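Participant: Quick one, what's the 3D model for this:
(one chain, ligands or ions: 3)
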Amino acid sequence: MATVPPLLDIKDLYVQFSVYGGQLKVLDGVNFIMYAGEKVGLVGETGCGKTTMMKAILRVLPTPPAHIPRGEIYFKGQDILKMSADDLKRVRGRGISMIFQDPTAALNPVFSIGEQLEAVIHYSAPQGRPLSRQEVHQRAVTSLQEVALADAERLLRSYPIQLSGGMRQRVCIGMALATGPEVLIADEPGTSLDVTIQDQVLRLLKKLVEEKNTAIILITHTLGIVREMTDRVYVMYAGNIVEVAATEKLFARPLHPYTQGLISTVPRLTGGGIASGIPGRIPDYRNPPAGCRFHPRCPYVMDICRTEKPPAYQVDGDHEVACFLYRDQGSSAQLRSLRQGVKGTP
Ligand SMILES: Nc1ncnc2c1ncn2[C@@H]1O[C@H](COP(=O)(O)OP(=O)(O)O)[C@@H](O)[C@H]1O
Ligand code: SF4
Ligand SMILES: [Mg+2]
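Facilitator: Ligands and ions are numbered 1, 2, ... in the order given. I've put the predicted structure just below:
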């Protein structure tokens with residue numbers, strides 16, 4: 001795998017927000033790699049910066065208040081942060097698409113489902129080969145059928161308000177996949193829906209990305225689904241990736257004290273975030289703790305943790321962890337994914 005270039009390669013990404021009373025230093029040197037067709041999970045409590053990272057990838061963070069003092073986001077070798085508007089348009093259509101947590105906000109209430117879906121399909125047609133009206137319509141019908149929505153013709157004439165939450169979420173999935181993206185970002189899909197519907201939506205998503213071999217970044221509080229659906233998992237805490245490993249390895253032997261806390265906890269059934277069994281809460285991003293950002297909550301905190309940011313240690317093959325507990329076990333020479341330990345902070 002090492003010789004294949006990554007599809008997405010985020011290097012040392014910092015994102016800050018200017019707010020009344022200071023700067024929120026949210027993303028703090030994030031590194032993240034994924035390959036074509038890979039299914040990657042991203043987990044961490046609410047407020048860890050997961051959505052911020054995904055919005056940075058698509059360059060949809062509001063600027064201001066957001067700004068990116070440092071970092072690169074390569075999609076197939078090209079830095080998204082430096083792309084022209086035309087290249088960015090191409091990436092957003094057929095490269096990367098995103099399903100947001102709230103399907104109601106993602107759909108425009110004044111346009112019919114058909115108008116919105118057909119616009120997406122039309123917009124993302126390859127350059128130089130525009131689709132006919134009939135082709136666009138037929139693809140819209142197929143997209144709705146793929147997400148198990150019956151009576152597609154009638155649905156295309158409907159407005160979002162006429163659909164249930166579960167149906168709207170399916171429409172959003174259909175819309176995100178209609179362009180044939182290489183990467184699908186699914187940011188807590190179905191969290192606003194009831195648990196049974198949410199489960200159905202996630203299973204449908206699993207089936208579709210497997211059939212189409214789409215790479216996916218799945219953000220969800222349902223760790224059982226992460227375990228079933230992903231090949232690798234990244235764990236995020238307070239704007240840092242703290243651990244990454246193959247999914248089975250991570251669940252069998254979580255290394256970072258934060259991951260151990262997350263996995264030992266039974267997820268709440270009704271959303272609202274992973275119910276962390278770890279006392280304390282996410283730090284104030286205006287004044288985050290020095291050293292390891294997790295140190296105020298860590299049961300194993302040592303002196304060094306209060307002053308130095310832990311680099312990533314490669315402990316067992318592709319299992320990497322950013323924690324000083326592993327400094328004597330791991331080799332920090334061949335860091336691939338976490339690549340932390342870069343000196344200096346903007
Ligand atoms: N538009 C914004 N303006 C100011 N702060 C923001 C904005 N978006 C996100 N943040 C800050 O970033 C932090 C992380 O948020 P987010 O990325 O949504 O976390 P997650 O998706 O992991 O729950 C929030 O706690 C908030 O402080
Ligand atoms: S680096 Fe130190 S404070 Fe941070 S998780 Fe490891 S032991 Fe805990
Ligand atoms: Mg979020």
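
Participant: now the helices for the stretch 1-150 of the chain?
Facilitator: Counting by DSSP state H, counting those that start in this stretch, the stretch 1-150 of the chain has these helices, from start to end: 50-58, 85-90, 103-106, 113-123, 133-146.

Participant: counting contacts, what elements does the longest one pack onto?
Facilitator: For helix 133-146, the packing partners by 3 or more Cβ pairs under 8 Å, 6 or more residues apart in numbering; DSSP states H and E come out as helix 113-123, helix 152-157, helix 165-178. Backbone N, C-alpha and C define where each C-beta goes, glycine included.

Participant: so what does the longest one touch, helix or strand wise?
Facilitator: I take that to be helix 165-178. Looks like helix 165-178 contacts strand 96-99, helix 103-106, helix 113-123, helix 133-146, helix 195-212 (3+ Cβ pairs under 8 Å, 6+ apart).

Participant: Using CSV, list the CA coordinates for the following helix or strand past that helix.
Facilitator: Proceeding N to C from helix 165-178, the next assigned helix or strand is strand 183-187, under DSSP states H and E. Output in CSV follows, covering the C-alpha atoms of strand 183-187 (Å, rounded to 0.1, in the frame of the first residue of the first chain):
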residue,chain,number,x,y,z
VAL,A,183,-14.6,10.2,-1.4
LEU,A,184,-17.8,10.5,0.5
ILE,A,185,-17.7,12.3,3.8
ALA,A,186,-20.6,11.2,6.0
ASP,A,187,-20.7,13.6,9.0
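
Participant: can you give me how far strand 183-187 is from the chain middle?
Facilitator: 6 Å (Cα atoms, centre = their mean, to the nearest Å).

Participant: And stretch 290-308, by the same measure?
Facilitator: So, by Cα atoms, centre = their mean, the centroid of stretch 290-308 is 26 Å from its chain's centroid.

Participant: Mind checking the helices and strands packed on helix 165-178 for the one nearest to ligand 1?
Facilitator: strand 96-99 (12.5 Å; Cβ to the nearest ligand atom).

Participant: Show me what that closest one pairs with in its sheet, parallel or antiparallel.
Facilitator: strand 183-187 (parallel) (DSSP bridges).

Participant: what sits up against the strand it pairs with?
Facilitator: 7-8, 34, 50-51, 54, 57-58, 75, 95-101, 176-177, 205, 209, 214-220 (Cβ atoms under 8 Å, 6 or more residues apart in numbering).

Participant: in whichever helix or strand Val242 is part of, what counts as buried?
Facilitator: Element membership of Val242 [criterion: DSSP H and E] is strand 240-246. For strand 240-246, the neighbour count (16 or more other Cβ atoms under 10 Å) marks Asn240, Ile241, Val242, Glu243, Val244, Ala245, Ala246 as buried.

Participant: residues in contact with the nearest residue to the first one once chain neighbours are set aside?
Facilitator: If you skip the residues right next to it in sequence, Asn240 has Asp28 as its closest partner in space, 5.3 Å away by Cβ to Cβ, 6 or more residues apart in numbering. Counting by Cβ under 8 Å, 6+ apart, Asp28 touches Tyr14, Ala238, Gly239, Asn240, Pro288, Arg293, Thr345.

Participant: near ligand 1, which residues of the stretch 151-300 of the chain show up?
Facilitator: Proximity of the stretch 151-300 of the chain to ligand 1, by Cβ under 6 Å from any ligand atom, involves residues Tyr285.

Participant: wait, I meant the stretch 1-150 of the chain
Facilitator: For the stretch 1-150 of the chain, the residues in contact with ligand 1 (Cβ under 6 Å from any ligand atom) are 17, 19, 24, 26, 44, 46-52, 62, 65.

Participant: Next step: those restricted to strands.
Facilitator: Phe17, Val19, Leu24, Val26 (DSSP state E).

Participant: Need the distance between the two termini of stretch 313-327.
Facilitator: Here the two ends of stretch 313-327 are set 7 Å apart, with distance taken as Cα to Cα, to the nearest Å.

Participant: pLDDT of it, averaged?
Facilitator: For stretch 313-327, mean pLDDT is 92.

Participant: Kindly state the beta-bridge partners for the residue in the stretch 1-150 of the chain that ligand 2 sits nearest to.
Facilitator: Nearest residue of the stretch 1-150 of the chain to ligand 2: Asp28, at 13.2 Å (Cβ to the nearest ligand atom). Per DSSP bridges, the residues bridged to Asp28 are Tyr14.
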